[in-house]
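Visitor: This is the structure alone, sequence omitted:
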């Protein structure tokens, strides 16, 4: 018991804390989706980039399926599209489902597996922690791009520090 | 010795690994600065936002000073401007100096301090790990915005996965 306490205190971040951190990002991204005028989610972008709905679909295709793959050790395929019918409500529903999947499968990942070497989606080799950090970084990166879309539409994005 | 080995293996990420992760982001941000046409660094933005040079100055003002403050426990002040003379070389030199400071002070942070509660810059209260993750997330967020500036200028940004 004493040993566990020391271990946890000496860690940079525990698996539970990293999940909470990721869930904070998921909440912020959800608010970013909500901030978009509905049509702009699906038909607006800058610099020839993808729409924010397309960026969100990439995140949906990567994070929850990637964490499920780590937890179950059953190969996942990259699947970045689903039939959202250009509806913000559909996108938000998919987002909530994805957040719930992340939480469900996260809890099945044993703490000692974070340094195991894996190949996500049959192609991205790295340690479990590296793959998970990549998923989180990818969400932050694309959400930041969504902030520029929003600003250029005259819409104030949600506060970055508020999770 | 045995205990240390087990601890390290059971951690999500070690302090050394988190530093390497951050340094990978610093390298990618450096390449993003390099990718900008020099004048656009200082006079171009979208949606009424700050120029990429200004976003970079924010990161310079936060990350290395924040880590130095954690390491030394001497209060730091937020200082987000320096005299770059609208020169890309000045910005890159400041960036390299900042990366070196991060590495220097990071190594002075004892592993057991990551769960200590602190107040960065006299105002941002949180655990050491939370503050450090905030610094990293902030860099990813603003660099992602720089990618949109670049794309809208017809410039291909560096590959996100390449650190």
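Guide: Happy to help now that I have it. It should be emphasised that the depicted structure is a prediction, and the values quoted were computed from it without experimental measurement.
Visitor: do the longest helix along chain A and chain B meet at all?
Guide: Criterion DSSP state H: the longest helix present in chain A is helix A:128-152. Yes - against chain B, helix A:128-152 shows contacts by CB under 8 Å from any CB of the partner chain at A:129-130, A:133-134, A:137-138, A:140-145, A:147-152. Quick note: C-beta positions are derived from backbone N, CA and C, even for glycine.
Visitor: Helices of chain A, residue ranges please.
Guide: Using DSSP H, helices in chain A cover A:2-10, A:15-35, A:38-43, A:52-72, A:88-106, A:128-152.
Visitor: what sits up against the second one?
Guide: Residues outside helix A:15-35 that contact it (CB atoms under 8 Å, 6 or more residues apart in numbering or on different chains) are A:13, A:41, A:52, A:56, A:59, A:88, A:91-92, A:95-96, A:98-99, A:102-103, A:106-107, A:109, A:111, A:114, A:132, A:135-136, A:139-140, A:143, A:146-147, A:150, A:155-158, A:160, A:162-163, B:12, B:129-130, B:133, B:137.
Visitor: Pull out the buried residues from those residues.
Guide: Neighbour counting over these (16 or more other CB atoms under 10 Å in any protein chain shown) leaves A:13, A:41, A:52, A:56, A:59, A:88, A:91, A:95, A:98-99, A:102, A:106, A:109, A:111, A:114, A:132, A:135-136, A:139-140, A:143, A:146-147, A:150, A:157-158, A:160, A:163, B:12, B:129-130, B:133, B:137 as the buried ones.
Visitor: low-confidence ranges in chain A?
Guide: Chain A contains residues with pLDDT under 70 at A:1-9.
Visitor: returning to what we had before: remind me what the longest helix of chain A packs against, helices and strands.
Guide: Packed against helix A:128-152 by the contact rule (3 or more CB pairs under 8 Å, 6 or more residues apart in numbering or on different chains; DSSP states H and E) you find helix A:15-35, helix A:52-72, strand A:117-120, strand A:124-127, helix B:15-35, helix B:128-152.
Visitor: 7 Å instead, please
Guide: Other helices and strands packing on helix A:128-152, by 3 or more CB pairs under 7 Å, 6 or more residues apart in numbering or on different chains; DSSP states H and E, are helix A:15-35, helix A:52-72, strand A:117-120, helix B:128-152.
Visitor: Quick one: the ones you listed as TSV, columns for distance to residue B:79 too.
Guide: Formatted as TSV, those follow (distance: least, CB to CB, whole Å):
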stretch	distance to residue B:79
helix A:15-35	27
helix A:52-72	33
strand A:117-120	40
helix B:128-152	15
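Visitor: closest one to residue A:78 among those?
Guide: helix A:52-72 (5.8 Å; CB to CB).
Visitor: relative orientation of that closest one and helix A:15-35 in degrees?
Guide: 160 degrees (axes from the mean of the first three to the mean of the last three CA atoms, to 10 degrees).
Visitor: do helix A:52-72 and chain B meet?
Guide: No - under the criterion of CB under 7 Å from any CB of the partner chain, chain B is not reached by helix A:52-72; the shortest gap measures 10.0 Å.
Visitor: Nearest spatial neighbour of residue A:144, chain-adjacent residues omitted?
Guide: Of all residues not flanking residue A:144 in the chain, residue B:144 sits nearest, at 3.3 Å (CB to CB, 6 or more residues apart in numbering or on different chains).
Visitor: oh sorry, the question was meant for residue A:106
Guide: Nearest one to residue A:106, counting by CB to CB, 6+ apart, is residue A:19 at 4.9 Å.
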